[in-house]
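**Student:** Test case, fold it:
(4 chains)
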Number of protein chains: 2
Amino acid sequence: MLSQKTKYALKALLYLAQQDANHISKTTDIAEEANIPKKFLEQILLDLKRGHLVGSKQGKFGGYYLLKSGNDITLADIHRLFDGAIALLPCASLNFYERCSDCKDEDECLLRHGLTAIRDETLKAMQGITIASLVKK
Amino acid sequence: MLSQKTKYALKALLYLAQQDANHISKTTDIAEEANIPKKFLEQILLDLKRGHLVGSKQGKFGGYYLLKSGNDITLADIHRLFDGAIALLPCASLNFYERCSDCKDEDECLLRHGLTAIRDETLKAMQGITIASLVKK
DNA sequence: CTAAAGCCTACTAATTTTATAGAATTAATT
DNA sequence: AATTAATTCTATAAAATTAGTAGGCTTTAG
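**Tutor:** Numbering: from 1, shown residues only, chains lettered A, B, ... in the order given. Down below sits the predicted model:
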């Protein structure tokens, strides 16, 4: 399951994607429209900024806007930014690889292979879902 | 990502699937072979029993054994038993449906549809992985 | 100078996860 | 009947994660 944070991030991105080009959205407006606690959303938008998915303008009349086209922001990107690995085990992850602490011999592990296959399929599916595709509904 | 509990459950089931027919395995043996804390494994095996995936024999020379063929135990089953929903949001779940607390109107939600599609694909993939398929490697 | 916005850090409360402990129960063997 | 070795059950605890809050700082338009 997605964390609240990831869900909120998706909702915020959907909001931004539905605005006119060059429109800048205030945190307050996104929070109200998408029903997200404002202070929590602030942090999420900052994370999205650090992830180079949105840009911001500071000061009065500032706010946030999409940096990339909605077609170029996939569910996989957002999942990785907030919830981390897409694979079911760290040892099967491309971007967040780690050994399992309890694993005696990774090459002999019966789980890894199957879970790597799952990762490939899930990843492909997640890369097929973009902010733009969600807006189109 | 899978929880430790789910991973341990998978490892325990793999162990059981590799034993001779009618063999009964002690918790201690599974724990040692699969590198799982014994007391934690006890609880997991009980959960597997309550989930009707394994059977047990009590008393001296007791232990656990698979109730179903390894072909009939899928990754989806185990995920649902320990980690719950396979869908990314509760509102997109078949077996663990719940409304999102922050959702204004579920029918209008842009997220649900895409996430339902993901669930279908992930579920299909997870149902394709069985204990038997993992053992075959 | 002021108002209104984003930026940043720290903290907190609740929940979940990952175990551990110990007693009760069951069953085979002596 | 006693012993031994196993599962079963309930409670507890420590650690990590999640979700959210608080408050001050910085930036920019007017």
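
**Student:** Is A:Tyr97 in contact with A:Cys91, as I believe?
**Tutor:** Yes. The pair A:Tyr97 / A:Cys91 is scored as a contact, 7.0 Å apart, by CB atoms under 8 Å. (C-beta placed from N, C-alpha, C; glycine too.)

**Student:** if you count what's nearby, which of these two comes out ahead?
**Tutor:** Ranked by neighbour count (other CB atoms under 10 Å in any protein chain shown), A:Tyr97 and A:Cys91 place A:Cys91 first, with 17 against 11.

**Student:** how about the more buried one, what does it touch?
**Tutor:** Counting by CB atoms under 8 Å, 6 or more residues apart in numbering or on different chains, A:Cys91 makes contact with A:97-100, A:103, A:106, A:109, A:112.

**Student:** Against DNA strand C, how distant is it?
**Tutor:** Per CB to the nearest atom of the strand, to the nearest Å, A:Cys91 is found 14 Å from DNA strand C.

**Student:** So that residue lies in a strand, does it not?
**Tutor:** No. Using DSSP: H, G, I helix; E, B strand; the rest coil, the assignment for A:Cys91 is helix, not a strand.

**Student:** State the distance from it to A:Arg99.
**Tutor:** Distance of A:Cys91 to A:Arg99, computed by CB to CB, to the nearest Å: 6 Å.

**Student:** Just want the most central residue of chain A.
**Tutor:** In chain A, the residue lying closest to the centroid (CA atoms, centre = their mean) is A:Ile78, at 1.1 Å.

**Student:** Which pLDDT value goes with that one?
**Tutor:** Predicted confidence (pLDDT) for A:Ile78: 98.

**Student:** so it is in which element?
**Tutor:** For A:Ile78, the host element (DSSP states H and E) is helix A:75-82.
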